[in-house]
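In: what follows is a predicted structure for the sequence shown.
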Amino acid sequence: MAKLKGVIFGVENVLIKRGNLAPHTETLEATGKLMRFLRKQGVESVVMTNREWGWTHNGIQTPLQQAIENRWNVKLNWFQCAKGGVPAKQTADSIKYVRESRGWTANETLFIGNTDNDMRASVNGKILLLNAEWYAKTMEYGFHFDCPKEVARFIDTFCFREHFWYFKIDDGPLQVYSLAPFSTMFGDETKYYSENFIWNVKNGFAQDEEFWAKMLATSMYFSGIYESVDYVAAYPKHEAGKYQKLLLLPMTTFAKCFRKDYIADLIHRHTTALKSQHYRKDVNHQTQLDTIHLCQFPHKLVKGEMRQYAKCPIVPGKTVLVIDDVCTKGMSFEAARHYLMKAGAKVICVSFLKALKHSYESLSQVPLASAFAPNTIKEVTPEKTYSLALHVVDKQAQTELHDRLQRYQKWDWPTDV
């Protein structure tokens, strides 16, 4: 598992804004504080730019690197692209050059940028982009931040973690991951974040909703899961035609950082299904299999609008990462897996939380007539039961999740930066 080692900063609208700097003194100081905060955490800051920059003060111009190092009390490695052996900024080789010179892997690195060149560099280099919008809003890519303090909160909350997954199954084609256990009845830690999860994700109230999306996204990033994925999709709600809108923006943002798509309606609920928490005894695998199918021409978010695919994106050999809120016995994941496998895709299943006291029950071959139309399944054949106890891979994950949620809610600058 990776942890953050380095942050690459763009210059324009990130470190400085062209023109008179006096109106931006407060933001300048906060950016310096961000770099000192990273240094305190053992994270190196470097700068990557396409051109030379100068800083004029009292009629005297000095190189920007010298000026900000003196002003912020930091030391920076400065890479000017297309000069001194550094590849052009928009190419994948520029990020690779910087990373390898510092000894970082892709998922040990973040890029803080604001321009199209910054976006192309990070996307081509396959590293997570943080969009600095404190001077200007110029692009839609990356997670958006309106001040350096919010970047520091993101990094401190999500990027220094030790425990990425609580529950994991890795058995041939079956791959299942969950962040932490779910319970509103047992344990102060688990109860605290589970109730927060219900409020924000299950019920859709806007309070800490970005915390949950970013927690999941960074688990996928630092654990390397994102590298083998072509598409990301969410399992639908139990009501017909409803999908998880809460994930639309953050998961689209995350996917775009790596030239992937988040498809909100790939898995379509054509008939309302019983909710398992209310009808536990009546719900089984057929409940999910008989009420969903794949959408042949689904939609993705492009520049704020939902646009339909002209061709079916799910073709043999592609890998789809399916997100669900709570994994209980795996009935939703098994339904999604078998429909996607019918279309020839590979599947990775990720849930926010894993219900306690329930094993995961996988299915063998399911007789689906079509992946893209409703099916009525008369009988399914259980394949294997994966006990909860044997597939808990990190019991510290729940403590870390609890602590990170509280840190996120109360975060402020350390006093010594």
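Out: Sure, I can see it.
In: and the nearest residue to residue 309 once chain neighbours are set aside, how far is that from residue 61?
Out: Leaving aside its chain neighbours, residue 309 sits nearest to residue 297 (5.2 Å; criterion: Cβ to Cβ, 6 or more residues apart in numbering). All C-beta atoms are positioned from the backbone trio N, CA, C, and that covers glycine. The gap separating residue 297 from residue 61 is 56 Å, by Cβ to Cβ, to the nearest Å.
In: list the contacts of residue 313.
Out: Contact criterion Cβ atoms under 8 Å, 6 or more residues apart in numbering gives 231, 261, 263, 266, 298 as the residues in contact with residue 313.
In: just checking, the residue nearest to residue 309 touches residue 312?
Out: Yes. In this structure residue 297 lies within contact range of residue 312 using Cβ atoms under 8 Å: 6.5 Å.
In: compare the contacts of residue 313 and tell me which is most surrounded.
Out: Looking at the contacts of residue 313 with neighbours defined as other Cβ atoms under 10 Å, the largest count falls to residue 266 at 30 neighbours.
In: got the phi/psi numbers for it?
Out: Dihedral angles phi and psi of residue 266 (degrees, to the nearest 10) take the values phi -60, psi -40.
In: that one against residue 294, yeah?
Out: Yes. Residue 266 is in contact with residue 294 according to Cβ under 8 Å; the separation is 6.3 Å.
In: between those two, what contacts are shared?
Out: When contacts are counted by Cβ under 8 Å, 6+ apart, residue 266 and residue 294 are jointly contacted by residue 314.
In: on that earlier part again, and of the contacts of residue 313, the nearest to residue 94?
Out: residue 261 (24.7 Å; Cβ to Cβ).
In: residues in contact with residue 106?
Out: Taking Cβ under 8 Å, 6+ apart as the contact definition, residue 106 lies against 95, 99, 125-127.
In: swap the cut-off to 6 Å and go again
Out: For residue 106, the residues meeting the contact criterion (Cβ atoms under 6 Å, 6 or more residues apart in numbering) are 126-127.
In: what's the distance between it and residue 214?
Out: Look at residue 106 and residue 214: by Cβ to Cβ, they are 18 Å apart.
In: neighbours of residue 24, how many?
Out: Counted with other Cβ under 10 Å, the neighbours of residue 24 add up to 16.
In: residue 305 too?
Out: In terms of burial, residue 305 registers 8 neighbours under the definition other Cβ under 10 Å.
In: ok, residue 382 next?
Out: The criterion is other Cβ under 10 Å. On that basis, residue 382 has 11 neighbouring residues.
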